[in-house]
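*Asks:* Just a sequence and a predicted model for now, questions to come.
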Amino acid sequence: MAASVRWLDLRRLSAGADGQALGLRHPVSRGRVAAPAALVWRQPTTRHRVPRGVDQPLGHFAVGRRLSPAARCRRAVLGISPAIRRSRSMIIRAFSPRAWAWTELVGRTAVAGWACIVATGCSTLDPFFFTNEHSDGYAWDADPCDPQLQGELAEVAHARLGGPPPDCHPSTVPAARRHEGLLTISGRDVHYVFAERIDPIATIFYSHGRSQHLGRYWDRVELLWNLGYSVMIYDYPGYGRSEGEPDEQGIYASAVAVFERLRTMPGVDLDAVYLYGYSLGGAPTYELARRASHGELSPVPRGVISESAFCSTETLVQDGAYLNLPVEFVATNRFDSCSAISKLDPQLPVLILHGTKDTFLLPVHARKLRDASQGRAQLTWIDGADHIEIPTIGDTTYLDAVAGFIGTPDPSPR
């Protein structure tokens, strides 16, 4: 049997150094547990180019990519697959009855999850939320190949779905229809861009995901703009041209300030404003909707859309790693969208979009958001879509869902 067993230090697994077998540090004797061949998880051998900024689950390592501490945290705590989590318990029970008894006594999920955090040198999951980058500005039409405006949709379509390679092109939003500005909040600048549509169907207030800056999501803005909507997008503190360091309250403050600026933008009908949050952006989206529902914010949105959003930090911790500990142990940013959605005006329409194959934020988050709304929210599954693939997946489910929720374009030129 010894010949079929390989050892693996959990720290090396989290750093992507080996990835060929699963081992756990013994919680009592501090030894290592060996996994027989039948229980060994093997990394896929096929390697592919991973688009810049695309999140990858455990087992999909980009060639030559050195993982940051935040990435090691995520892979060790949030990215472990359900199959590995199930195998953990089997391995401990088979090879160390003493360890099994200990984990049963104090809660095996808490011990295993906390061991993951300690083994990777992480005392907090807060770095998981923010992978921001600073930018001095965007070239726009002056440089149609500006990598800061490449966006992720074309890269995803090419790398994962076999689409054409990303090419350089000027923004489909004309320069005359792009309105950039800076707001000052507590002495710090917050950057926003408004994509104006002539006689728009509605105006969308867009809160983006956790990566880089708004340039990473500009092609998503263009997609919505091409459907006939004006779109306001902004950067969180520490992202792009926005100053400061990102945290939950700073993100909410930025969102509120830019949302209130929306009323000054050209062509905005305040009775036709929709909130849209993608991934991390679901948190400020539901928080804005909650405040508007209680008269703390205006204009009152006509509807709310979230795409690939999560329920709360607590759900991320517990469902992602079987870590049955209070969320305060591992994160200061709560991002409790499930609580916020439960407090919305019952008459406020909500659309939840989530991929059935989302490996980054599991589908359970969408179900919990719907349940927290007491079933009032409309949950639309995008079949076969992973976390960032929803707008690019083969059929028109995404476009039909958005157009059906907000409205369809007028066929006349705009």
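*Replies:* Done, it's in.
*Asks:* pretty sure Asn132 is touching Tyr239, no?
*Replies:* Yes - Asn132 lies in contact with Tyr239 (Cβ atoms under 8 Å); the separation is 4.3 Å. Yep, even glycine has a C-beta here, placed from its N, CA and C like the rest.
*Asks:* Could you chop the protein up by domain?
*Replies:* Using automatic domain parsing, the domain parsing of the chain gives 2-123, 131-406.
*Asks:* if I pick Met232, what's in contact with it?
*Replies:* Residues near Met232 by Cβ atoms under 8 Å, 6 or more residues apart in numbering: 192-195, 203-206, 258-259, 262, 265.
*Asks:* So it belongs to a strand, correct?
*Replies:* Yes - remark: Met232 belongs to a strand, assigned using DSSP: H, G, I helix; E, B strand; the rest coil.
*Asks:* so how far is Val193 from it?
*Replies:* 8 Å (Cβ to Cβ, to the nearest Å).
*Asks:* who's in contact with Leu353?
*Replies:* 305-308, 380, 382, 390, 398, 401 are the contacts of Leu353 under Cβ under 8 Å, 6+ apart.
*Asks:* Lowest average pLDDT across the domains of the chain?
*Replies:* Ranked by mean pLDDT, these end with domain 2-123 at the bottom, a mean of 39.
*Asks:* tell me the phi and psi of Glu279?
*Replies:* For residue 279 the amino acid is Ser, not Glu. Backbone torsions of Ser279, given as degrees, to the nearest 10, read phi 60, psi -120.
*Asks:* For Lys357, see how far away the residue nearest to it when sequence neighbours are not counted is.
*Replies:* Closest residue in space to Ser279, ignoring its immediate chain neighbours: Gly209 at 3.7 Å, by Cβ to Cβ, 6 or more residues apart in numbering. Distance from Gly209 to Lys357, counting by Cβ to Cβ: 18 Å.
*Asks:* Among those two, which residue is more densely surrounded?
*Replies:* Counted by other Cβ atoms under 10 Å, Gly209 and Lys357 do not tie: Gly209 has more neighbours, with 23 against 14.
*Asks:* List phi and psi for that one.
*Replies:* Torsion angles, degrees, to the nearest 10, at Gly209: phi -80, psi -170.
*Asks:* just the one 4 residues further on next, same as before
*Replies:* Here the main-chain torsion angles of His213 (degrees, to the nearest 10) amount to phi -170, psi -180.
*Asks:* In contact with the residue nearest to it when sequence neighbours are not counted: list those residues for me.
*Replies:* Nearest residue to His213, sequence neighbours excluded (Cβ to Cβ, 6+ apart): Gly240, at 3.1 Å. Listed by Cβ under 8 Å, 6+ apart, the contact set of Gly240 reads 132-135, 191, 212-215.
*Asks:* Quickly run through the sheet partners of the host helix or strand of Thr184, with directions.
*Replies:* According to DSSP states H and E, Thr184 maps onto strand 178-185. Partners of strand 178-185 in the sheet, by DSSP bridges, are strand 188-195 (antiparallel).
*Asks:* residues in contact with the strand it pairs with?
*Replies:* Applying Cβ under 8 Å, 6+ apart, the set of residues contacting strand 188-195 is 173, 177-184, 214, 221-222, 225, 230-235, 237, 240-244, 254, 257-258, 261-262, 265.
*Asks:* switch to 6 Å and redo it
*Replies:* Residues from elsewhere that reach strand 188-195 (Cβ atoms under 6 Å, 6 or more residues apart in numbering): 173, 179-183, 221, 225, 231-235, 240-244, 254, 258, 265.
*Asks:* tell me the angle it makes with strand 230-234.
*Replies:* Here the directions of strand 188-195 and strand 230-234 differ by 160 degrees (axes from the mean of the first three to the mean of the last three Cα atoms, to 10 degrees).
*Asks:* after strand 188-195, next one along is what?
*Replies:* Trace forward from strand 188-195 with DSSP H and E and the next one is strand 203-207.
*Asks:* Just the buried residues of that following strand, please?
*Replies:* Neighbour counts using 16 or more other Cβ atoms under 10 Å place 203-207 of strand 203-207 among the buried residues.
*Asks:* Among the contacts of Met232, which pair sits farthest apart?
*Replies:* Spatially, the most separated pair among those is Ala195 and Phe259, at 15.6 Å (Cβ to Cβ).
*Asks:* What ranges does this protein have for its helices?
*Replies:* Per DSSP state H, the chain has helices spanning 10-14, 69-73, 82-95, 97-106, 108-119, 126-129, 153-159, 218-226, 248-261, 282-293, 313-321, 337-342, 364-372, 397-406. These are given in chain order.
*Asks:* No more questions from me, cheers.
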